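1. need a structure here:
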Amino acid sequence: MPNTAPKSKVSDRLQLARNNTVRPYVPLQKRPLPAGRPRKWYISHNRRLKAMRLTIALLDSGIYLPSQASNERIRRTAELIDIRPPSDTTCRLVRTLMRYSR
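-> Predicted coordinates:
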């Protein structure tokens, strides 16, 4: 009877590790938003996305508390990462996200 033992998972992982190379970060391809929603939904959706991008950039730069994130600092961060200056409402949403991310 031939020895047909299954391959070990460790050797499969090592083979995958050899084949994978470190690649630079490439953002996901943007998809169109679903059609048929009210305009208000699209506005709030895009505002939330912008606020999340700004919150991540602030956290990466060492600003962890909402009290450290003034409107001016948020707008300077937006300028650094090539985003249009956020409104006061978006700045408030950024601080709210920072508060609840803990």
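
2. what residue is smack in the middle of the protein?
-> The centroid of the chain falls nearest to residue 53 when counting by CA atoms, centre = their mean (6.0 Å).

3. show me the contacts for that residue.
-> By CB atoms under 8 Å, 6 or more residues apart in numbering, the contact list for residue 53 reads 81, 83. Every residue, glycine included, has its C-beta placed from N, CA and C.

4. repeat that for 10 Å
-> If a contact means CB atoms under 10 Å, 6 or more residues apart in numbering, then residue 53 has 77-78, 81, 83, 86, 94 as its contacts.

5. For ChimeraX, what selects the buried ones among those?
-> Typed into ChimeraX, the line below selects the buried ones among the contacts of residue 53, using 16 or more other CB atoms under 10 Å:
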select :77,78,86,94
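
6. Verify the stated contact: residue 93 with residue 55.
-> Yes: using CB atoms under 10 Å, residue 93 is in contact with residue 55, at 8.7 Å.

7. Quick check: the gap between residue 80 and residue 60.
-> Using CB to CB, to the nearest Å, one obtains 11 Å as the distance from residue 80 to residue 60.

8. and after the helix or strand bottoming out on mean pLDDT in the chain, which helix or strand comes next?
-> None of the helices or strands of the chain scores lower by mean pLDDT, DSSP states H and E than helix 9-19, at a mean of 57. Using DSSP states H and E, the helix or strand that follows helix 9-19 towards the C-terminus is helix 39-60.

9. Let's see that following helix as CSV, backbone CA atoms only.
-> Included here for helix 39-60 are C-alpha records, laid out as CSV according to Å, rounded to 0.1, in the frame of the first residue of the first chain:
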residue,chain,number,x,y,z
ARG,A,39,-29.5,63.1,-2.0
LYS,A,40,-29.2,63.6,1.8
TRP,A,41,-27.9,60.0,2.1
TYR,A,42,-25.1,60.6,-0.3
ILE,A,43,-24.1,63.8,1.4
SER,A,44,-24.0,62.2,4.9
HIS,A,45,-22.2,59.1,3.5
ASN,A,46,-19.4,61.2,1.9
ARG,A,47,-19.1,63.3,5.0
ARG,A,48,-18.6,60.2,7.1
LEU,A,49,-15.9,58.9,4.7
LYS,A,50,-14.1,62.2,4.8
ALA,A,51,-14.3,62.3,8.6
MET,A,52,-12.9,58.8,8.9
ARG,A,53,-10.0,59.7,6.6
LEU,A,54,-9.3,62.8,8.7
THR,A,55,-9.6,60.9,12.0
ILE,A,56,-7.1,58.2,10.8
ALA,A,57,-4.7,60.9,9.7
LEU,A,58,-4.9,62.7,13.1
LEU,A,59,-4.4,59.5,15.0
ASP,A,60,-1.4,58.7,12.9
